[in-house]
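Q: Here is my input, please return the structure:
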Amino acid sequence: MHTRIFPLFMCAAALASSSAARAETQPVRLWNQVWNAPSNHHDEPSDVLTLPDHSILVSGSAYNPVDAGTYPVLLHYSESGQLLWAHVESQYASFKHLLLSSTGDVLLIATTTIKNVWQVVVRRLNPEDGSTVWEAIHPASYQSNPFSPVIREDPATQSVLVATTLNTDFLMLRLDFKTGQLLDEHSYDGPQQGNDIATAIAPLDDGGFVIGGPVGGLAHGYRTIAANADGSIRWFDQENGQIGNVFTREWLGIDAQGNILAAGGPETSCGLFSFRAWKISHTGERLWTVETPTAGCTSGQPYAFALGSDGSIVLAGQSHNPFLVEVMHVDPDGANWVRKWPTTGNTAGWATTMDSAGNVIVAGINANDQVVLVGWTPTGDTLFTHADPALGVTVGAMSMHADGDGRYAVTTYAGEDISTSVFRRNITPGDVNGDGSVNINDLTSIILQWGQCSSSDCGADLTGDGQVNIDDLTAVILNWE
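A: Sure thing, here's the model as predicted:
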């Protein structure tokens, strides 16, 4: 057999290409678990979090047809996918977001009603058993997704920041991280004195913070406010888009220099959708504004945002006509690239993250109701494409969280159940089987799967072009160990 393989080595080396060398093997699904509540009805996830021990925490809801109530759910899976525990609470609440704190505990934000009054709920949880370390409850206006309240930790002041809405104004709450005690609260009314919805918050220096969201009943763009520790305003920025109307939350991030990276989805003059990002200096000066699409009355809508360690950002969502995964990546200086995937079909990107090298990873759902993972390099080259044929999902809810070691936890709504999967990237180029090395086993896989891929889970298709061919063989040979 080795004498027959040797000419293939020589041929592949002669035809080596840099694009094949850069390609990663398709991600491998390590495990998948589907959870159905005892009420055996509509169960839906809201967020997913990878804990320091690589176990997975999932929040969501379970509908009980007996009393027509929707009840909050927490699920905890081991690193290998074993369900460690499942908690279904008996009192109504809607879990929104999970956040891993600096101590390894988990912060959770939710909404509920008490005596017909809407409240925002913040909990600090012990992830080992889901027990509540403390709980804080404060009146807040009801806001549905994607305009739900958010939380951020401010380690410098040992506090938790909350962005929500009360009486049509932005509401900022500061809670003591150790006890949950309310330390401070501030509200901000927009110039239109309409319905202003705070959807993002981040800590600044000296106990200050930046808060932002749509203002004027979604008809007057996004307002970003930087405030001092006492709540007094340092500066504000107004982003109206082309005509003022907006369709998404505002996202915010802070780079290493203290600049604010903001993004949203305003309406265009054609009455369609767009991706828009803008950068504001720590003194409130607008540094750049980037938008896509820019040609004619084309349309696209962002669903997710991520900030890279170098200050670059990515927005992921869906282009319209055709309906494809669309990604806009913006460098710290405002230079940008836009990518769409695939070339046909009905696919959307619902979650995104950036790794330490600046690679962009997007999770989404395709027309075949499959979980898809797509990766691009910091310069926009395709890193991998993967559609998991074994996972039937339903558009409606998707979250993703990366652990920093090449594993990605994805939770989706699947057939009225909560589906949770963990994928592992094969970061070693040419590593077909994902064992961390490139050797005869990978070469054998290439030969055995040579030709047109029979499924979207063709592991030897390193370049993601639907075929196992000379490009994939080249990637193995160039990275041979």
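Q: Spell out for me which residue occupies the centre of this structure.
A: Residue closest to the average C-alpha location in the chain (CA atoms, centre = their mean): Ala351, at 3.4 Å.
Q: what is it paired to in the beta sheet?
A: With DSSP bridges applied, Ala351 shows beta-bridge pairing to Ala363.
Q: what's near enough to touch it?
A: Applying CB atoms under 8 Å, 6 or more residues apart in numbering, we find Ala351 in contact with Tyr303, Ala304, Ala316, Val362, Ala363, Gly364, Met398, Ser399, Met400, Val410. (Each C-beta comes from the backbone N, C-alpha and C, glycine too.)
Q: cool, and Leu107?
A: Leu98, Leu99, Leu100, Ser101, Val122, Arg123, Arg124, Leu125, Ile151, Glu153, Val160.
Q: In strands, which of those residues fall?
A: Leu98, Leu99, Leu100, Val122, Arg123, Arg124, Leu125, Ile151, Glu153, Val160 (DSSP state E).
Q: of all these, which two lie farthest apart?
A: Using CB to CB, the ones in strands among the contacts of Leu107 reach their maximum pairwise distance at Leu100 and Val122, which is 14.7 Å.
Q: Tell me the secondary structure of Ile447, please.
A: Assigned with DSSP: H, G, I helix; E, B strand; the rest coil, Ile447 falls in the helix class.
Q: Setting the sequence-adjacent residues aside, check what's closest to Trp450.
A: Spatial nearest neighbour of Trp450, excluding adjacent residues (CB to CB, 6 or more residues apart in numbering): Val468 at 5.2 Å.
Q: What's opposite the one you found in the beta bridge?
A: With DSSP bridges as the criterion, Val468 is bridged to Gly451.
Q: now do Leu107
A: Beta-bridge partners of Leu107, as defined by DSSP bridges: Leu99, Arg124.
Q: CA atoms only: put stretch 305-317 into CSV for me.
A: Output in CSV follows, covering the C-alpha atoms of stretch 305-317 (Å, rounded to 0.1, in the frame of the first residue of the first chain):
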residue,chain,number,x,y,z
PHE,A,305,-22.0,40.6,18.1
ALA,A,306,-18.5,39.8,19.3
LEU,A,307,-15.5,41.9,20.3
GLY,A,308,-12.0,40.6,19.6
SER,A,309,-9.0,41.0,21.9
ASP,A,310,-7.4,43.4,19.4
GLY,A,311,-10.4,45.7,19.3
SER,A,312,-11.9,44.3,16.1
ILE,A,313,-15.6,43.4,16.1
VAL,A,314,-17.9,41.1,14.1
LEU,A,315,-21.6,41.2,13.4
ALA,A,316,-23.3,38.0,12.3
GLY,A,317,-26.8,37.5,10.9
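Q: returning to that earlier point: could the contacts of Ala351 go into CSV alongside neighbour count?
A: Output for those, formatted as CSV (neighbours: other CB atoms under 10 Å):
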residue, neighbour count
Tyr303, 21
Ala304, 24
Ala316, 28
Val362, 27
Ala363, 28
Gly364, 30
Met398, 24
Ser399, 23
Met400, 26
Val410, 28
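Q: related to what we said a few turns ago, TSV for the ones in strands among the contacts of Leu107, including distance to Pro52 and neighbour count?
A: Shown next, in TSV, are those (distance: CB to CB, whole Å; neighbours: other CB atoms under 10 Å):
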residue	distance to Pro52	neighbour count
Leu98	14	22
Leu99	14	17
Leu100	8	18
Val122	21	23
Arg123	19	22
Arg124	16	21
Leu125	14	21
Ile151	19	23
Glu153	15	19
Val160	19	24
